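K.L.:
got a structure for you, letters missing:
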């Protein structure tokens, strides 16, 4: 449980926060475009070749990241359809699901950012909260609370060792298959999520932005894992079920095996399938928007043609990866795409520090006293004007 908190906690969201903060700062503070190359100008300069290379790497990372996410989501959706309706868990079925999702998010793209994505995102959050509340109260509530507390304690106590864990002496691929894959996937996904978080953060201070990205989502993720994972663990430990064995055989059925031990299992499974579908649609829709913006010189209103082209490419790449090698191909794609962008992301840390430092104007005590005197005179004048208006 502590590893689940670690993989989906602050480390993951810090990557999104770095990219999003730099882009948001440039767009809304400096009134520049939201391209990654522009964000790195304080470090790399304004050389056109370097800027084009950086933007190209960002686009490649984003495409592979979203393709991986769509591929994983499609596999889980296929697993749910198989568990509920007996639909074959096969490659051709996954390609059909991708085609259906493609049609849906292309329709959503035509309605714009404030309609399609907004409405579907509201549906997402409603379904997430509904499923979370249901499992929290239908499951072993006290055990879930204990799981959350213990998992959070273990996560905080082992944060450093988890972050640096590798297995060069005993061998094995667990760290590569899980932790390193997660970081690669998140880094590849970060240009898209960062740009989208920046897009919806206009008007926020840096403090509000960091709190909104680094605190709230990880806490919700941890509560989700404690509720769903805690319920499954409790059932296996105390009721003799075999959820762990079923998930070990096919990871895509995890959620649906859990619902089988709870009331209203069929209804909850259908809602879960709907939730996966809407998440896939909103993710692909948002990615097509962001990629259209990245390839339109940072435009906040990319053309429909650009979004259509990227929508087709995202679906095609996800389909090819699934057909070619399933989960292993998706993991490899994320690792390859993330490697060059990791260097860019680390450079962003220095870029945002430099940007903020150049924006700070030192204020001396003398300046502060002068400001206070001016403020007092202004307030006195305002009071006098108000008195005159009342007398009139």
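P.N.:
In hand now; what should we look at? The shown structure was predicted, so the numbers you read here are calculated from the model rather than taken from an experiment.
K.L.:
who touches the closest residue to residue 99 other than its chain neighbours in this structure?
P.N.:
Take residue 99 and drop its neighbours on the chain: the residue closest to it by Cβ to Cβ, 6 or more residues apart in numbering is residue 315, 7.4 Å away. C-beta coordinates here come from the backbone N, C-alpha and C atoms, glycine included. Applying Cβ atoms under 8 Å, 6 or more residues apart in numbering, we find residue 315 in contact with 70, 98-99, 101-102, 284.
K.L.:
same question for the host helix or strand of residue 315, mean pLDDT?
P.N.:
Taking DSSP states H and E as the criterion, residue 315 maps to helix 304-359. Per-residue confidence for helix 304-359 averages out to 82 on the pLDDT scale.
K.L.:
ok, the closest residue to residue 225 other than its chain neighbours - how many residues close by?
P.N.:
The shortest distance from residue 225 to any residue that is not its chain neighbour, by Cβ to Cβ, 6+ apart, is 4.4 Å, and that residue is residue 4. The number of residues packed near residue 4 is 17, by other Cβ atoms under 10 Å.
K.L.:
what about residue 4, distance to residue 14?
P.N.:
Separation of residue 4 from residue 14 (Cβ to Cβ, to the nearest Å) stands at 17 Å.
K.L.:
remind me which residues of the chain are low pLDDT?
P.N.:
Across the chain, residues meeting the criterion (pLDDT under 70) sit at 111-116, 325-327, 330-331, 361-364, 389, 392.
K.L.:
quick check: domain ranges of it?
P.N.:
With automatic domain parsing as the criterion, the domains of the chain are listed as 2-360, 365-392.
K.L.:
so how far is the first one off the chain centroid?
P.N.:
Taking Cα atoms, centre = their mean, to the nearest Å, the mean C-alpha location of domain 2-360 is offset from the chain mean by 4 Å.
K.L.:
That domain spans what distance, first to last residue?
P.N.:
As for domain 2-360, its first-to-last residue distance stands at 40 Å under the measure Cα to Cα, to the nearest Å.
K.L.:
which phi and psi does residue 40 have?
P.N.:
With angles defined as degrees, to the nearest 10, residue 40 sits at phi -90, psi 0.
K.L.:
Counting neighbours, what do you get for it?
P.N.:
Other residues near residue 40 number 22, with proximity taken as other Cβ under 10 Å.
K.L.:
looking at it, residue 54 is touching residue 40, isn't it?
P.N.:
Yes: A contact is recorded between residue 54 and residue 40 when judged using Cβ atoms under 8 Å, the distance being 6.0 Å.
K.L.:
Overlap of the contact sets of the two?
P.N.:
Taking Cβ under 8 Å, 6+ apart as the contact definition, residue 54 and residue 40 share the neighbouring residues residue 344.
K.L.:
quick one on the thing from earlier: what's the distance between the residue nearest to residue 99 and residue 284?
P.N.:
Counting by Cβ to Cβ - residue 315 and residue 284 are separated by 7 Å.
K.L.:
thinking again about what came up before, I'd like to know which of the contacts of residue 315 are buried.
P.N.:
A residue is treated as buried here by neighbour count (16 or more other Cβ atoms under 10 Å); on that basis the buried members of the contacts of residue 315 are 70, 98, 101-102, 284.
K.L.:
Let's have these in CSV, adding secondary structure and distance to residue 49.
P.N.:
Shown next, in CSV, are the buried ones among the contacts of residue 315 (DSSP: H, G, I helix; E, B strand; the rest coil; distance: Cβ to Cβ, whole Å):
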residue, secondary structure, distance to residue 49
70, helix, 32
98, helix, 36
101, helix, 37
102, helix, 35
284, helix, 31
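K.L.:
Take these and lay them out in CSV including distance to residue 153.
P.N.:
Below are the buried ones among the contacts of residue 315 laid out as CSV (distance: Cβ to Cβ, whole Å):
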residue, distance to residue 153
70, 35
98, 41
101, 39
102, 44
284, 37
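K.L.:
Tell me how many other residues surround residue 28.
P.N.:
Using other Cβ under 10 Å, residue 28 has 16 other residues around it.
K.L.:
cool, residue 36 as well?
P.N.:
Under the criterion other Cβ under 10 Å, the count of neighbours that residue 36 has is 30.
K.L.:
Not counting sequence-adjacent ones, nearest residue to residue 313?
P.N.:
Once chain neighbours are set aside, the closest to residue 313 by Cβ to Cβ, 6+ apart is residue 63, at 6.7 Å.
K.L.:
Which residues outside the host helix or strand of residue 161 are in contact with it?
P.N.:
Using DSSP H and E, the element containing residue 161 is helix 159-163. Helix 159-163 is contacted from outside by 2-3, 6, 11, 155, 179, using Cβ under 8 Å, 6+ apart.
K.L.:
Most neighbours among those residues, please name it.
P.N.:
residue 6 (24 neighbours).
K.L.:
So which elements touch the helix or strand hosting that residue?
P.N.:
For residue 6, the element it lies in under DSSP H and E is helix 2-8. Contact partners of helix 2-8 among helices and strands, from 3 or more Cβ pairs under 8 Å, 6 or more residues apart in numbering; DSSP states H and E: helix 141-157, helix 159-163, helix 216-238.
K.L.:
Figure out which of those helices is closest to residue 92.
P.N.:
If you check each of these against residue 92 by Cβ to Cβ, helix 216-238 wins as the nearest, at 29.8 Å.
K.L.:
so is residue 16 in a helix, a strand, or just coil?
P.N.:
helix (DSSP: H, G, I helix; E, B strand; the rest coil).
K.L.:
Could you measure from the closest residue to it other than its chain neighbours over to residue 108?
P.N.:
Excluding the flanking residues, the one nearest residue 16 by Cβ to Cβ, 6+ apart is residue 193, at 4.7 Å. Distance check for residue 193 against residue 108: by Cβ to Cβ, it reads 18 Å.
K.L.:
tell me which element the residue nearest to residue 313 is part of?
P.N.:
Taking DSSP H and E as the definition, one finds residue 63 inside helix 48-85.
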